[in-house]
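*Asks:* Provided below for reference: sequence and predicted model.
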Amino acid sequence: MSAPDPIIALRGVTKTFGQGATAFQAVKGVDLDIMAGDFVAVMGPSGSGKSTTMNILGCLDVPTGGEFRFKGHHVERLDRDQRALLRRRYLGFVFQGFNLLARTTALENVELPLLYRGEDKKTRADMGMAALDKVGLADWWDHTPAELSGGQQQRVAIARAIVTQPDVLLADEPTGNLDSERSVEIMDLLTDLNRTAGITVLMVTHEQDMADFAHTIIHFKDGLVDRTHATGRGQAA
Amino acid sequence: MILGTTIILAVREIRRHLLRSFLTILGIVIGVSAVVTMVTLGNGATAAVKQQISGLGANILQIRPGQGFGRGGGGPQPPDFKPADVDAIRTQIAGVKAVAPQASSSGIAVRNAANWSTTINGTTADYFTAQDWKLSAGRIFTPAEEQAGRAVCILGSTVVTNLFRQEEAVGQRFRIKDVSCQVIGTLATRGQGGFGNDQDDVVIMPIKAVQRRFTGNRDIRNIMVSVDEAYDTGTVQAATQKLLRERRNISGGKDDDFNIFDTKQIADTLQGTTQILTALLGAVAAVSLLVGGIGIMNIMLVSVTERTREIGIRLAIGAVASEVLLQFLVEAVALACLGGVIGLLLALIASVSLAPVLRVPFIFDLQINLLAFFFSALIGVVFGYFPARRAASLNPIDALRHE
Ligand SMILES: Nc1ncnc2c1ncn2[C@@H]1O[C@H](COP(=O)(O)OP(=O)(O)OP(=O)(O)O)[C@@H](O)[C@H]1O
Ligand SMILES: [Mg+2]
């Protein structure tokens, strides 16, 4: 069995903030391969560079040094707009703070990425409702974030992230603002998306219980990958 | 992303923040309505002045003794004109269509119980040609009546109303300064003159009748010359001036003791004045429009800061910088256009209701309306661009982290 190419490959990636005396290297040379269809949990102490790495993986930020290949594209060589187009086509984001547009209905929030893709009104509504249905909020489509609970808001955010059927879903502490019951619901949802839709999931978390849902756990320490291990769930699937 | 989508997004944003949108466009609304109202009313005033001036008659020279409007200060008073002067102008100057001498007096007209204080104007049939003044009934003087100085008269409509009410005036008699006078005609209504006087408050009689019965001499106070359209009034004026200087023995460097007044000159001056006034008011209003534009920029800048996280979300989701730029720009332009339209409507209401109060006609000026509208759109583009560029250049991570 020949090993398929990884969807994400980092080689000696560094990230330095600031310049001169105040320069601070948050990521110090990370090598990482992530296979399509994997479910990865990233753990590690605060300040160890998890979010910084996730931002690079999400094409939101560029590495200072090293190489980042996404589906074969050398992302470190792309400009701002080209990275935006990669995000639009292949990536979905879920944030700790939900980051929904205020005073905007759940459906309009979910439709937003489709607007930027130039989908027509009917396609937007159909796909938006399908995504909301997948996260179990079809009945709540016309509610604004202020009228939804934290768990519901995060599920709307997930619907927005998956409405474009992305290859990779990046979630930085998606359950950080939720109680454990709501957190488990979100993890079940991510697990289901990973299994049934084949979406590669990258998730940062501080909680071992949540990390245990993943197939692979990557531990960060002082801006480096400390160790990687499989949970065994991947093989079970 | 297609422009249509951007417009959807922009309109959604405007609708979601009605109060903010309203405050943003307030400056534009006030600016546009001020400019358009000022210019519309100014145009009305110009038209009103033009219309009143046309009442003075076109291409007419008014010749009076003395300098300026008065008869001059100290020294001997310059003499009035003689009938021979009138004939000389008529026969010796090229381009003269009609020459009407005038002698005037004033007195109280009485008929039965009605009496009315009015102006008596003695002249010839040429006066009606020069003034291009039509009769509403009856006829003008015959040469025989002019020659004999018969007490026949033609009445202005104000005098008719006050002496005869609804009755037919032509053929009736009345007394003015104890002279019994027969009405042979009535004049069409002219309205207010260029100086706010009532042109219809007049009794016109043959000049000889006025001279003999009222002024008691053969002097002519005023000569009205109507210039043929084919001739330049300036040339005719110069020729007339030369002729009169000779006839009045004014030699060499001595000043004229009479003045020739070109009504076209007054018309141009008055019209120029109202136009300058209109331009001035318009300019002041335009400044307020500019201030309105700065208001838009101000609020757009604030809203970029306020909406940083939203911009971060859009960028993270895959919006490219130009799309965010376009959205903010379209928002600004849409707001500015909305402000422009509301401003135009307000201006329409204001000018329609103010025009009668100021006694000027309401004249819809498409050009200034279009101009003001496009200018407000331009303001949207210009003042929306800088905040929009700022929004588009934000780093998505920083924007997302913004609280
Ligand atoms: N924009 C920035 N400018 C300067 N320093 C930064 C910036 N972003 C992150 N850092 C620093 O880089 C280091 C790594 O930050 P990062 O956010 O990646 O940590 P993390 O592992 O996500 O921590 P946490 O678990 O608290 O979220 C931290 O010391 C942080 O202060
Ligand atoms: Mg973090």
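*Replies:* Nice, I can see it. Ligands and ions are numbered 1, 2, ... in the order given.
*Asks:* who in chain A is up against ligand 1?
*Replies:* Residues of chain A lying close to ligand 1 by CB under 6 Å from any ligand atom are A:F17, A:G18, A:F24, A:A26, A:G44, A:S46, A:G47, A:S48, A:G49, A:K50, A:S51, A:T52. The way it works is simple: take the backbone N, C-alpha and C, and place the C-beta from them, glycine included.
*Asks:* low-confidence ranges in chain A?
*Replies:* Scanning chain A for pLDDT under 70 picks out the ranges A:1-3, A:235-237.
*Asks:* quick one: the strands in it, in order.
*Replies:* Across chain A, reading from the start of the chain, the strands by DSSP state E fall at A:8-17, A:24-34, A:39-43, A:65-70, A:73-74, A:91-94, A:168-172, A:200-204, A:216-221, A:224-230.
*Asks:* in a markdown table, list those strands along with mean neighbour count and distance to B:Q131.
*Replies:* Formatted as a markdown table, the strands of chain A follow (neighbours: other CB atoms under 10 Å in any protein chain shown; distance: least, CB to CB, whole Å):
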| stretch | mean neighbour count | distance to B:Q131 |
| --- | --- | --- |
| strand A:8-17 | 18 | 90 |
| strand A:24-34 | 18 | 94 |
| strand A:39-43 | 25 | 99 |
| strand A:65-70 | 18 | 91 |
| strand A:73-74 | 12 | 89 |
| strand A:91-94 | 26 | 85 |
| strand A:168-172 | 25 | 90 |
| strand A:200-204 | 24 | 95 |
| strand A:216-221 | 19 | 102 |
| strand A:224-230 | 13 | 104 |
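*Asks:* wait, which of the residues of chain A next to ligand 1 is closest to A:R124?
*Replies:* Minimum separation from A:R124 among these (CB to CB) is found for A:S51, which lies at 30.8 Å.
*Asks:* so the closest one is in contact with A:V204, correct?
*Replies:* Yes - because the distance of 6.6 Å satisfies CB atoms under 8 Å, A:S51 is recorded as touching A:V204.
*Asks:* find residues that contact each of these two.
*Replies:* Common neighbours of A:S51 and A:V204, counting by CB atoms under 8 Å, 6 or more residues apart in numbering or on different chains, are A:D172.
*Asks:* now name the helix or strand holding the closest residue to B:G149 other than its chain neighbours.
*Replies:* Setting aside the residues directly before and after it, B:G149 is nearest to B:K208 in space (CB to CB, 6 or more residues apart in numbering or on different chains), at 3.0 Å. Applying DSSP states H and E as the criterion places B:K208 in helix B:207-210.
*Asks:* contact partners of that helix?
*Replies:* Contacting residues not belonging to helix B:207-210 are listed as B:101-105, B:120-124, B:146-152, B:220 [CB under 8 Å, 6+ apart].
*Asks:* mind jotting down where the helices sit in chain B?
*Replies:* Per DSSP state H, chain B has helices spanning B:3-16, B:18-54, B:83-92, B:126-131, B:143-148, B:157-164, B:207-210, B:233-247, B:263-306, B:308-317, B:321-358, B:366-392, B:396-401. These are given in chain order.
*Asks:* quick check, distance from the fourth one to the centre of its chain.
*Replies:* Chain-centre distance of helix B:126-131: 25 Å, with CA atoms, centre = their mean, to the nearest Å.
*Asks:* return the residues of chain A in contact with chain B.
*Replies:* Applying CB under 8 Å from any CB of the partner chain, one finds that chain A approaches chain B through A:55, A:58, A:60-61, A:80-81, A:84-85, A:87-89, A:91, A:93, A:95, A:99-104, A:108, A:112-113, A:115-118, A:160.
*Asks:* of these, buried ones?
*Replies:* Buried members of the residues of chain A next to chain B, counted by 16 or more other CB atoms under 10 Å in any protein chain shown: A:55, A:58, A:60-61, A:80, A:84, A:87-88, A:91, A:93, A:95, A:99-101, A:104, A:108, A:112-113, A:115-117, A:160.
*Asks:* show me the contacts for the nearest residue to A:D142 once chain neighbours are set aside.
*Replies:* For A:D142, ignoring the flanking residues on the chain, the nearest one in space by CB to CB, 6+ apart is A:T105 at 4.9 Å. Residues in contact with A:T105 (CB under 8 Å, 6+ apart) are A:W141, A:D142, A:H143, A:T144.
*Asks:* mind doing that once more with 10 Å?
*Replies:* Contacts for A:T105 (CB atoms under 10 Å, 6 or more residues apart in numbering or on different chains) come out as A:E111, A:G128, A:W140, A:W141, A:D142, A:H143, A:T144, A:P145, A:E147, A:V156.
*Asks:* in chain B, what residue is nearest chain A?
*Replies:* For chain B, the residue closest to chain A is B:G318, as judged by CB to the nearest CB, at 2.6 Å.
*Asks:* neighbours of B:A316, just the number please.
*Replies:* When neighbours are counted by other CB atoms under 10 Å in any protein chain shown, B:A316 registers 26.
*Asks:* any buried residues in stretch B:110-117, and which?
*Replies:* By neighbour count with 16+ other CB under 10 Å, stretch B:110-117 contains the buried residues B:R111, B:W116.
*Asks:* in contact with residue 100: list those residues for me.
*Replies:* Let's take chain A. Contact partners of A:L100, counting by CB under 10 Å, 6+ apart, are A:106, A:108-110, A:112, A:144-146, A:148, A:153-154, A:156-157, A:160, B:310, B:313.
*Asks:* wrong one, I was asking about chain B
*Replies:* Residues B:60, B:86, B:90, B:121, B:123-131, B:207, B:220, B:222-226 are the ones in contact with B:A100 under the rule CB under 10 Å, 6+ apart.
*Asks:* try 8 Å this time
*Replies:* B:T123, B:T124, B:D126, B:Y127, B:T129, B:A130, B:Q131, B:I223, B:M224, B:V225, B:S226.
*Asks:* what score does it have for pLDDT?
*Replies:* Among the per-residue scores, B:A100 holds a pLDDT of 89.
*Asks:* and what of B:S157?
*Replies:* According to the model's per-residue confidence, B:S157 sits at a pLDDT of 89.
*Asks:* that older thread, so what's the residue count around the residue nearest to B:G149?
*Replies:* The burial metric for B:K208, expressed as a neighbour count using other CB under 10 Å, is 19.
*Asks:* hmm, back to that, could the strands of chain A go into CSV alongside distance to B:F374?
*Replies:* Formatted as CSV, the entries for the strands of chain A read as follows, by distance: least, CB to CB, whole Å:
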stretch, distance to B:F374
strand A:8-17, 47
strand A:24-34, 51
strand A:39-43, 55
strand A:65-70, 47
strand A:73-74, 45
strand A:91-94, 41
strand A:168-172, 46
strand A:200-204, 51
strand A:216-221, 57
strand A:224-230, 60
